[in-house]
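Trainee: 3D model of this:
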Amino acid sequence: MAITKVWEVNKCERELADDYVFKVIYRCKGLDDGTEKARATGEVSLNKPSTLIPFADLTADQVIGWVKAKLDADNAGTVAGVEASLEAQIDALNTPSTAVGNPW
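Mentor: You can find the predicted model right below:
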C-alpha cells in the first residue's frame, strides 16, 4: 500500500483590473497504489502581494505553493493535517472496523 497525496487547483478567483488572485479553491486527492480513495477540498483567501504575477504566467505549482503556505500560516487546516486526514480515511477503507449485514 503506497499512499500518495496529489494537490490540485480547482479554480482561481481574481480581480480583472490587475489579475490579483484573491481566492483559490483546491483539492487534495489521496491515492492508494494510484487509485483515488479519498479527497479533501477547500478554499483559501490570499492577501494581495506587493508584486503581482500576470494571471497568464501563473503555474499550478505556484498557486499550490500559495495554498499550502496559507494553510500552514492560518493553522486552520494545515497541509500535514489535510494529508493525515486523507491517510486516515484510506486506512479505514483498507482495514474496516465495522461491517453491515445479516448472518443468514
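Trainee: Can you show me the helices along this structure?
Mentor: Here the chain has its helices, by DSSP state H, at 60-74, 79-94.
Trainee: In a markdown table: those helices, plus mean neighbour count.
Mentor: Using the backbone N, CA and C atoms, a C-beta is placed for each residue, glycine as well. Conversion of those to a markdown table gives the following (neighbours: other CB atoms under 10 Å):
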| stretch | mean neighbour count |
| --- | --- |
| helix 60-74 | 15 |
| helix 79-94 | 15 |
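Trainee: wait, which of the ones you listed is closest to Cys28?
Mentor: Cys28 lies closest to helix 79-94 among the helices of the chain, at 5.4 Å (CB to CB).
Trainee: elements contacting the closest one?
Mentor: In terms of contacts (3 or more CB pairs under 8 Å, 6 or more residues apart in numbering; DSSP states H and E), helix 79-94 is packed against strand 3-14, strand 21-32, strand 35-45, helix 60-74.
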